[in-house]
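Colleague: build the 3D model from these lines:
(chains A and B)
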Amino acid sequence: MEALHVAKANLTVYLHPSQTKDVNEAVTRELSSLLFKFSEIYDGVLLAHEIADVPSRHGKILSGLFPYVGVRLTANLLLFAPKPDTYLEGKVVKVGQESIHVVVLGFSAAIITVDDIRDEFRYKIKSGEEMFRSTSHKRHVIKVGTMIRFLVKSFDEEILHISGSLIPSSTGNIKWQSSLANSSRKRIEVLKDFSTGTIDGGAISNDYHVLKKSKKQRV
Amino acid sequence: MGVEPANYTKEEQYQQMEADDDIDRTDSEIVFHIRQALKSASSDENDDYNELVGLLHYNDRLSPEDVAMLVTSLKALSGAVSCIDTVLHGSLLDTIFNMSLWSYGPEVMDALIELIITLAASSGKYVDSCLDMLVCNFTPPKRFIEALKWPYGVAKKDHVLVRVHSALEYISGLVPLAPSRLLPIVLQRMPKVFNNLQEPVVVMFVENMFKLESSAIGELVGRRMLIMAVVDLLIDFDVEVGWDDILEENPQKGIFEMDLMVTTFEHLKYCKENGRLVEVFESLLQSFQITVLNAYKSKFAQFVIFYACSLDSEICGTRFAEFLADMYICCSFPPLTRMSAVAYLASFMSRGRFLSTPLVVNILGRLAKCCSDYCRLQSGNSDPKIHRVFYAGCQAIMYVLCFRMRSIIDIPNLKSQISGFPLSQIFTSHLEPLKVCLPSIVEEFLQQAKSANLLRKSGTPVFHDMLESELSKAFGGIERLDISIRPNFVYWSMVRKTYEDDEGSSDEDVDVFYPETNRAASRDEGIVESFEDDYLDEFNDTLNRMSITPKDSTLKSRFGRNSQTPMQMPSKLRPSMSPESSL
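Modeller: Next comes the predicted model:
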């Protein structure tokens, strides 16, 4: 996913004097307090951290009522920073007539409202199950549990809420798309086999086109 | 933000609707209608919108038509949440978030819950408000409190709370970070002592916190913090309720806290049944260390942890005893904390019958070692102030042995173990603990130790029926014992002694450890007796539910006393007297 990236950060963590008994643990706790929160400094949501290096064993002590100790360190950070017009993947947790609710990476909620779902998809209830089904590809279905790819419209940094869109044709059920890609790759391979053979490749591809068209008409 | 409901009566609205409704409307048509109404909010012709807002205000004596109208509107709103704007439709949102589930029947409740869930999931902006709305529904509106006494009130409570909690869980399925935002909301909405709230409201809120704690999302919300918040609330009420309130002026206040305690105990029992007690116990332990341990004269709150220990003496009881011993032995805690810890430990080990004797001996050994190490390192005289931590330790050892001596020496290997403790060195050291600790304890201890042949070269200071000497006062002996478990657990009279009780008078001396029992009886006899019959019975009932000692009927039959001194029931609470005012 484009939204995930690793960053190397030089940080100074200020520890309360009472926390200096075990500096490593205190630093880890301090960094962990930033988890799953959007930070403007990192321009993303911290998902994981790892202390790479603590260059000096000496920390700077701040003057003041509480002599906080500044520990300098280098850390590797895994950040989640979805930007508008990038793609994200997530699991559908609820489908309604008005919206599709998705959870990304298990922690960030996303909603795709009906206005942001391309016309190809129609809301249906099939044997009690709510779903959006493509009118052009019957097997392209989005229901609870489906993994989908969608476009980011906006990102609420406070509660990590994403507003998404299924307008671009490259969005939708990931499994279906990959199976489509696989099958088209297979077809291309078949075509290659044919073209190396005696039969004229062009003719076959034309036939294929016709075949596909006729299938569509039947639908 | 008050919005005037549109100037139609309900009947007129129906008539209008019926006029419009020549044909049955489909769901999507109604959604469309609602969307139009929402859009109209920004224009001058916003009657439809105001009508909608006005409709949501109806909550009293709803006719079936009203209910149908409300359900339809709420459902349609769920379908149109994407059209709701925080600024344009502020009045609508305010109305929705102020709706109380308690005012409606199941159909409206379901529709409202659905709308709240949809709102929460539709945008990050609404999550907090939706959670807040659900937390507000933990307790009924004021006018409904009376009804809780009746079956229909109880049924309503079930209806509402089931929906509220399942909605919270459902929302966290859609918005995974929602539970993490729930804790501050719960803490903020939690009843405060000074709010002067009615009892059922506080108890019900606590019930809900426990429900949340044991739910699937409990871990995400923060189990530990929920438990700790409840204990803090107990402490707040505990400190607020004086003994005088309990006995004289304000019986309601005392009982009130009991209900809270019982709710807490029931939850602990529930946790035990579900195999979660050990996990919950860790939270209790932490909150004990942070708040209860140093709370000045906390009366009831500590029983929460004692009760948990009694439910699982093997793990929790041992853990608690070890925890207190560690605290006493560790030098990095402040002296007062260490003294409180050892005083709690002494009372706990003396009277918690569920603790095994080997464990008691083991802990005593650690205390004895700590004390003997201390007096080896210290020079100088017995200064009750400087060495107060040491004296508290000595007093604890003696106190526990007063209760447990017999059961220890009955087991040969434990007897040899305890003979190996450096008790003689401690008690005959230059710091002279026997002179500083409470005379009543020292006397009883020496008598028992003598007949058990425990102290070979014991000096025998003579005190003659003194409750406390100047020295023991100086180190705060009674004050330290005073904070610990008083009204419950084994009584002095129940202790199997190692010597023959010739006059049967030692009871009197030693019961002084719970200073309230004897002195209160003499001082407040009049009050207590008049008060006992009508009120204390009820009070005891509540307390006995949390008591971990045998029922008083068994006590009575085994240790019957004469009628002059009223039976000191394990659960009876008497006013405490500070050392200054005593004797």
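Colleague: which parts of the stretch 51-200 of chain B sit against chain A?
Modeller: Residues of the stretch 51-200 of chain B lying close to chain A (C-beta under 8 Å from any C-beta of the partner chain) are B:78-82, B:118, B:121-125, B:127-128, B:173-178, B:180-181. Placement of C-beta: from N, CA and C, glycine included.
Colleague: ranking helices and strands of chain A by mean pLDDT, which lands last?
Modeller: The weakest-scoring helix or strand in chain A, judged by mean pLDDT, DSSP states H and E, is helix A:201-218 (a mean of 40).
Colleague: run a quick neighbour tally on A:Arg149.
Modeller: 18 (other C-beta atoms under 10 Å in any protein chain shown).
Colleague: does it count as helix, strand or coil?
Modeller: Using DSSP: H, G, I helix; E, B strand; the rest coil, the three-state assignment for A:Arg149 comes out as strand.
Colleague: can you give me the neighbour number for B:Met69?
Modeller: Counted by other C-beta under 10 Å, the residues lying close to B:Met69 total 18.
Colleague: and what of the one 4 residues further on?
Modeller: One way to gauge burial is a neighbour count; for B:Ser73, by other C-beta under 10 Å, it gives 21.
Colleague: pLDDT of the helix or strand harbouring it, averaged?
Modeller: B:Ser73 belongs to helix B:64-79 when assigned by DSSP states H and E. Averaging pLDDT along helix B:64-79 gives 90.
Colleague: same question, stretch A:61-81
Modeller: On average, stretch A:61-81 scores 90.
Colleague: show me what A:Arg72 bridges to in the sheet.
Modeller: Assessed by DSSP bridges, A:Arg72 has beta-bridge partners A:Thr12.
Colleague: from A:Ser18, how far out is it?
Modeller: A:Arg72 is 20 Å from A:Ser18, where distance means C-beta to C-beta, to the nearest Å.
Colleague: neighbour-wise, which of those two wins?
Modeller: Counted by other C-beta under 10 Å, A:Arg72 and A:Ser18 do not tie: A:Arg72 has more neighbours, with 15 against 8.
Colleague: wait, the more buried one sits on A:Tyr14?
Modeller: No: A:Arg72 is beyond contact range of A:Tyr14, at 10.6 Å (criterion: C-beta atoms under 8 Å).
Colleague: how about low-confidence regions in chain A?
Modeller: Counting by pLDDT under 70, chain A has low-confidence residues at A:186-219.
Colleague: which bits of it sit near chain B?
Modeller: Chain A has residues A:36, A:93-94, A:96-99, A:101, A:103, A:106-109, A:111, A:113-115, A:156, A:158-161, A:163 near chain B, with proximity defined as C-beta under 8 Å from any C-beta.
Colleague: which of those residues count as buried?
Modeller: With burial judged by 16 or more other C-beta atoms under 10 Å in any protein chain shown, the buried subset of the residues of chain A next to chain B is A:93-94, A:96, A:98-99, A:101, A:103, A:107-109, A:111, A:113-114, A:156, A:159-161, A:163.
Colleague: neighbours around A:Ile41, how many?
Modeller: Neighbour tally, A:Ile41, other C-beta under 10 Å: 9.
Colleague: what helices and strands are in contact with the helix or strand hosting B:Leu414?
Modeller: B:Leu414 belongs to helix B:412-419 when elements are defined using DSSP H and E. Identification of packing neighbours for helix B:412-419 by 3 or more C-beta pairs under 8 Å, 6 or more residues apart in numbering or on different chains; DSSP states H and E yields helix B:357-377, helix B:388-409.
Colleague: what angle separates that helix from helix B:357-377?
Modeller: Here the directions of helix B:412-419 and helix B:357-377 differ by 20 degrees (axes from the mean of the first three to the mean of the last three C-alpha atoms, to 10 degrees).
Colleague: nearest to chain A: which residue in the stretch 251-400 of chain B?
Modeller: As assessed by C-beta to the nearest C-beta, chain A sits closest to B:Ser332 within the stretch 251-400 of chain B, at 9.4 Å.
Colleague: kindly report the same for the stretch 151-300 of chain B.
Modeller: Closest point on the stretch 151-300 of chain B to chain A, by C-beta to the nearest C-beta, is B:Val175, at 4.2 Å.
Colleague: B:Val127 is in contact with that residue, correct?
Modeller: Yes: using C-beta under 8 Å, B:Val175 makes contact with B:Val127 at a distance of 5.8 Å.
Colleague: now do the shared contacts for these two.
Modeller: Counting by C-beta atoms under 8 Å, 6 or more residues apart in numbering or on different chains, the shared contacts of B:Val175 and B:Val127 are A:Ile159, A:His161, B:Ala120.
Colleague: hang on, the earlier thing: helices - which of the residues of the stretch 51-200 of chain B next to chain A land there?
Modeller: Taking DSSP state H as the definition of helices, these contribute B:78-79, B:118, B:121-122, B:124-125, B:127-128, B:173-174, B:178, B:180-181.
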